[in-house]
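Asks: pasting the sequence and the predicted coordinates here, then a few questions.
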Amino acid sequence: MSAGWSRWVVGDPTLAEPLLEALRAELAPVPCGEAVLQKLESGDLHCQLILYFSPGLHAIACRHGAVPCPKPESSGLSLLLGEDSPIQSQG
């Protein structure tokens, strides 16, 4: 049985670039059919960067402190790494 989606609250997007670079290096290349999606959400004082990992990236997501979550809504999501098929298959 495969794991589902995972969600990682990265935090302040202006400070996230070193974390994103490390993630890009770890996931090069991203497995076929998998993706890391990003979304900015309003926080208490500033917006937060949220990353969503498709199910096949569950082990990597867990290493970064991501927690299981439902499949994200496509509204506001953009592709960070991988293929956009997880976005297109929303429904």
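Replies: Arrived safely, thanks for sending.
Asks: all helices of the chain, in order?
Replies: For the chain, helices defined by DSSP state H occupy the ranges 17-26, 58-63, 85-88.
Asks: for the second one, packing partners?
Replies: If I follow you right, that is helix 58-63. strand 6-11 (3 or more CB pairs under 8 Å, 6 or more residues apart in numbering; DSSP states H and E). C-beta: built from backbone N, CA, C; applies to glycine.
Asks: phi, psi for Pro29 please.
Replies: Backbone torsions of Pro29, given as degrees, to the nearest 10, read phi -80, psi 160.
Asks: ok, it to Ser42 distance?
Replies: For Pro29, the distance to Ser42 (CB to CB, to the nearest Å) stands at 33 Å.
Asks: make a markdown table out of the helices of the chain and add mean neighbour count, mean pLDDT and distance to Lys71.
Replies: What follows is the helices of the chain, written out as a markdown table (neighbours: other CB atoms under 10 Å; pLDDT from 0 to 100; distance: least, CB to CB, whole Å):
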| stretch | mean neighbour count | mean pLDDT | distance to Lys71 |
| --- | --- | --- | --- |
| helix 17-26 | 12 | 94 | 20 |
| helix 58-63 | 16 | 93 | 13 |
| helix 85-88 | 16 | 66 | 8 |
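Asks: just send those helices back as a markdown table, with distance to Ser75 too.
Replies: Shown next, in a markdown table, are the helices of the chain (distance: least, CB to CB, whole Å):
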| stretch | distance to Ser75 |
| --- | --- |
| helix 17-26 | 22 |
| helix 58-63 | 21 |
| helix 85-88 | 11 |
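Asks: ok, which of those comes nearest Cys69?
Replies: helix 58-63 (9.8 Å; CB to CB).
Asks: so Gln48 sits against Asp12, correct?
Replies: Yes - counting by CB atoms under 8 Å, Asp12 is a contact partner of Gln48 at 7.0 Å.
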